[in-house]
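In: just coords:
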């Protein structure tokens, strides 16, 4: 599937990015009539088509959350995104659904959130949807920058970089979304810790092979899809997983050997038991990559982080610090 997608969209992606750096391609202005392309912080040539147009990957705006104990579709080692907000019941968003939709606009008892997952970067990030007194709704633009999803908000059609949570094109230019602490873990781990927690149910009204990985073999393919940036330093493979905390990255391979690392003010732990979302065709039966938690070394509070492919960390944080140990 991955090779087919690459062949199918490479020509279109190159054509989309072929314009002058600050002159958007004409088809963008036809499709994005409400986007203010005069306001941009990045060269337009860095943005490629991912092979679909706006909303070709449909974000979810209405989801059903049920008690995790009542779920009959998820299997124990499947990965999901966990959100535990004070004042709200813990919620889990299965990757088997996020892979096909990439964004969930949800409302918790505390505040509205956007749960996002970029399969090409393995990047799961959650944002507060409140900006300047307004609640934004996010969709998938169909565009990529350094192989990372470019989101858009439906209120102004500004474009947002998923990796940074920052508006890079349009009326909202420079606005920074507030990150919400989350982590990726197995269904078993979530259920054990939160027997009264909620889990997102299968989306209704869509025909998708939920539970199947449309990017089979991607995380061992050697090179990221439509990526034109530099190779990470220190001999680190582009598709190696790293734990990003602010501007530092710890290789997952190092953590899986040591199982716990405390340095730079954080404690990171690793446990086996969660499958890769980007390995085999069947997510639940894929190889075990383990699950991590990142906490403040002093207070023990969970910290904002993500487990992301090394190429994305280097592309967006070229001066970032690589925590390689001795």
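Out: That came through fine. Bear in mind that the values here come from a model prediction, so they are computed numbers and not experimental data. Numbering: from 1, shown residues only.

In: shaky segments in the stretch 1-150 of the chain?
Out: 1-21 (pLDDT under 70).

In: switch the cut-off to 80
Out: For the stretch 1-150 of the chain, the stretches with pLDDT under 80 are 1-22.

In: What segments of it are strands?
Out: With DSSP state E, counting those that start in this stretch as the criterion, the stretch 1-150 of the chain has strands at 47-49, 65-67, 79-83, 91-94, 103-107, 112-118, 123-128, 130-131, 134-135, 138-145, 148-153.

In: Could I get the buried residue list for the fifth one?
Out: Within strand 103-107, the residues scored as buried using 16 or more other CB atoms under 10 Å are 103-106. In this view, the C-beta of every residue, glycine as well, is placed from N, C-alpha and C.

In: ok, back up a step: any chance of the strands of the stretch 1-150 of the chain in a markdown table, plus distance to residue 182?
Out: Putting the strands of the stretch 1-150 of the chain into a markdown table (distance: least, CB to CB, whole Å) gives the following:
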| stretch | distance to residue 182 |
| --- | --- |
| strand 47-49 | 26 |
| strand 65-67 | 15 |
| strand 79-83 | 5 |
| strand 91-94 | 9 |
| strand 103-107 | 12 |
| strand 112-118 | 8 |
| strand 123-128 | 4 |
| strand 130-131 | 17 |
| strand 134-135 | 19 |
| strand 138-145 | 16 |
| strand 148-153 | 16 |
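
In: Indicate which one of those is closest to residue 287.
Out: Closest of these to residue 287 is strand 79-83, at 11.8 Å (criterion: CB to CB).

In: Not counting its own residues, what contacts the closest one?
Out: With CB atoms under 8 Å, 6 or more residues apart in numbering as the test, strand 79-83 has contacts from 74, 90-95, 98, 108, 113, 115, 117, 124, 126, 180-187, 190, 199, 274-277, 283, 291.

In: Counting neighbours, which of those residues end up buried?
Out: Among the contacts of strand 79-83, those classed as buried by 16+ other CB under 10 Å are 74, 90-95, 98, 108, 113, 115, 117, 124, 126, 180, 182-187, 190, 199, 274-277, 283, 291.

In: wouldn't residue 311 be in contact with residue 229 here?
Out: Yes. Between residue 311 and residue 229 there is a contact under CB atoms under 8 Å: 6.6 Å.

In: do you know how far residue 53 is from residue 280?
Out: Distance of residue 53 to residue 280, given as CB to CB, to the nearest Å: 29 Å.

In: next one: residue 132
Out: Distance from residue 132 to residue 280, by CB to CB: 43 Å.
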